[in-house]
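**Student:** Sequence first, predicted coordinates after that:
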Amino acid sequence: MPGRDRSWIRVALLLCGALSIPYCLAESESMSSPGTGLGTGTDPHTLLADFRRPAAMPVIKSNPTTPEKVALGQMLFFDPRLSGSGVISCATCHNPALGWTDALPKGLGHMGGRLRRHTPTILNVAYGEPYFWDGRAATLEDQAKGPLTSAAEMNMPAEVAVKRILSIPGYVTAFAYAFPAKPVSVDTIAAAIASYERTVVSNSAPFDKWVAGDEGAISPAAQRGFSLFNGKANCAVCHSGWRMTDDGFHDIGISGSDRGRAEVAPGIVQLEYAFKTPTLRNINQRAPYMHDGSLATLPAVIDHYDNGFASRPSLDTQMHRLGLTPAQKADLLAFLDTLTSVDSPAIIPQLPQ
Ligand code: HEC
Ligand code: HEC
């Protein structure tokens, strides 16, 4: 296939043409050794294909998306009347203007209480399961019930939520359209919100245009950064696929007492302090970073991987000191910047009365 041939040439050029010979050798060596991040094998032909976006959205058989559910879910997502205090909506923490998060190390919940973990983005959540930093919710429908009823977050008991919805005629009509045969319940509330969340998808980024064959879509520095991402910096071993995540759990050596996945699946040493690999799509829009919001900037994240992580028995075996030069760190950063797309502004709906 011509496309494949071009991809191969681009990777070969990337690795060997634009770079000095000793670096080129070091890089190709690390790329051909097993487990360095090529994902589906060691053949560079497959490298760019691994990062290509799927053409279609996943289909959810148990809760098929309809325009009526999406419209309802969008209202619920932005509606503070769904919280015990009447002042917090999902969008308070998952704010579309802040990359669908809150720009805080740890979010503020009911009555301003500080939450235990950093608010993750909901961008592209349609594609990856399970949910939460520790993966304790299997589906988006399950997930949505968590913050709604959690005393620390929206503090809204299910019965109170249903009663409040039934007191707003505009909602009664919208629920009747979205779920013709079902009563208003915490399940239909969650199903509508999940349907809306599945529409929050990033557009094509400069990196996607480059993957599709537009040579000039990203800078030479970013192209070198992509090569480092898959090679010496060893990022793609966990940040794989078009969303740049394996949807797996790893301890990457962030200090702290939060045991992460081990709270959900105890007894496995590798899951101690392990958290879900986040997507890197639009990553430069949502500092600070990590489950505890402890790294303020992307250069701080790169320094962490280079030489800043805690050693302990659960540390992922793919974590090792990288020895990146300042120029390589800059290239990696240039690559991460190409993952941000220009997305249509989120629509803030008029809420029913
Ligand atoms: C007070 C802040 C706050 C509010 C309000 C809030 N969230 Fe969250 N959200 C968080 C935090 C913090 C996490 C991570 C918690 C964890 O992993 O333990 C999270 C996790 C999530 C995730 C998981 C993302 C992933 O990749 O795993 C989704 C989806 C989500 N929230 C949707 C919602 C929806 C829908 C609502 C409204 C019903 C909502 N959130 C309300 C702070 C909030
Ligand atoms: C062993 C698997 C693994 C490797 C290797 C890895 N990551 Fe990560 N990455 C993760 C996990 C897991 C997290 C979340 C960890 C946490 O919050 O404790 C994460 C978090 C991040 C974040 C923060 C995302 C956010 O939304 O907060 C960025 C940025 C990032 N990684 C970039 C990189 C880069 C760049 C590299 C290569 C230098 C890399 N990662 C290597 C697994 C990995």
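**Tutor:** Nice, I can see it. None of the values given here were measured: they were computed from a predicted structure. Ligands and ions are numbered 1, 2, ... in the order given.

**Student:** residues near Leu115, how many?
**Tutor:** 20 (other Cβ atoms under 10 Å). Quick note: C-beta positions are derived from backbone N, CA and C, even for glycine.

**Student:** can you check the one 4 residues further on too?
**Tutor:** Around Thr119 sit 23 other residues, with neighbours defined as other Cβ under 10 Å.

**Student:** for Val59, same thing?
**Tutor:** Neighbour number of Val59 under other Cβ under 10 Å is 7.

**Student:** That one: what secondary structure?
**Tutor:** coil (DSSP: H, G, I helix; E, B strand; the rest coil).

**Student:** Tell me how far it lies from ligand 1.
**Tutor:** Distance of Val59 to ligand 1, computed by Cβ to the nearest ligand atom, to the nearest Å: 18 Å.

**Student:** now do Gln143
**Tutor:** For Gln143 relative to ligand 1 (Cβ to the nearest ligand atom), the value is 5 Å.

**Student:** can you pull the buried residues of the helix or strand containing that residue?
**Tutor:** Element membership for Gln143, per DSSP states H and E: helix 140-149. Buried residues in helix 140-149, counted by 16 or more other Cβ atoms under 10 Å: 140-145, 147-149.

**Student:** which one of those residues is nearest ligand 2?
**Tutor:** Using Cβ to the nearest ligand atom, Gln143 is the member of these that lies nearest ligand 2, at 16.7 Å.

**Student:** who's in contact with the closest one?
**Tutor:** 131-132, 137, 194 (Cβ atoms under 8 Å, 6 or more residues apart in numbering).

**Student:** One more pass at 7 Å, please.
**Tutor:** By Cβ atoms under 7 Å, 6 or more residues apart in numbering, the residues touching Gln143 are 131-132, 137.

**Student:** which one of those residues has the most neighbours?
**Tutor:** Neighbour tally across the contacts of Gln143 (other Cβ under 10 Å): the maximum, 23 neighbours, falls on Tyr131.

**Student:** Distance-wise, check it relative to Ala56.
**Tutor:** 21 Å (Cβ to Cβ, to the nearest Å).

**Student:** taking the contacts of Gln143 one by one, which sit in helices?
**Tutor:** Using DSSP state H, no member of these falls in helices.

**Student:** Would you format the residues you listed as CSV with pLDDT and distance to ligand 2 included?
**Tutor:** CSV is the format used below for the contacts of Gln143 (pLDDT from 0 to 100; distance: Cβ to the nearest ligand atom, whole Å):
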residue, pLDDT, distance to ligand 2
Tyr131, 96, 14
Phe132, 96, 12
Ala137, 95, 17
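
**Student:** Would you format those residues as CSV with distance to Lys329 included?
**Tutor:** Output for the contacts of Gln143, formatted as CSV (distance: Cβ to Cβ, whole Å):
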residue, distance to Lys329
Tyr131, 32
Phe132, 31
Ala137, 35
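
**Student:** Quick check: chain neighbours aside, which residue is closest to the residue nearest the centre of the chain?
**Tutor:** Computing the C-alpha centroid of the chain and ranking residues by Cα atoms, centre = their mean puts Thr279 first, at 3.1 Å. In space, and not counting its chain neighbours, Thr279 is closest to Arg243: 4.3 Å by Cβ to Cβ, 6 or more residues apart in numbering.

**Student:** Over to the one you found. Which of the three states is it?
**Tutor:** Applying three-state DSSP: Arg243 is coil.

**Student:** mind listing the helices for the stretch 251-353 of the chain?
**Tutor:** In the stretch 251-353 of the chain, the segments counted as helices under DSSP state H, counting those that start in this stretch are 261-264, 298-307, 326-337.

**Student:** Confidence-wise, which helix or strand of this structure is lowest on average?
**Tutor:** In the chain, no helix or strand scores lower on mean pLDDT, DSSP states H and E than helix 21-32, which sits at a mean of 29.

**Student:** picking that back up, mind listing what the residue nearest to Thr279 touches?
**Tutor:** By Cβ under 7 Å, 6+ apart, the neighbours of Arg243 are 124, 127-128, 279, 281.

**Student:** Check Leu339 too.
**Tutor:** Residues in contact with Leu339 (Cβ under 7 Å, 6+ apart) are 205, 207, 244, 280-283.

**Student:** Kindly report the same for Ala194.
**Tutor:** Per Cβ under 7 Å, 6+ apart, neighbours of Ala194: 63, 73, 140-141, 144.

**Student:** Nearest to Asp79 among these?
**Tutor:** Gly73 (10.4 Å; Cβ to Cβ).

**Student:** how near is the closest one to Glu153?
**Tutor:** On the measure of Cβ to Cβ, Gly73 and Glu153 end up 18 Å apart.
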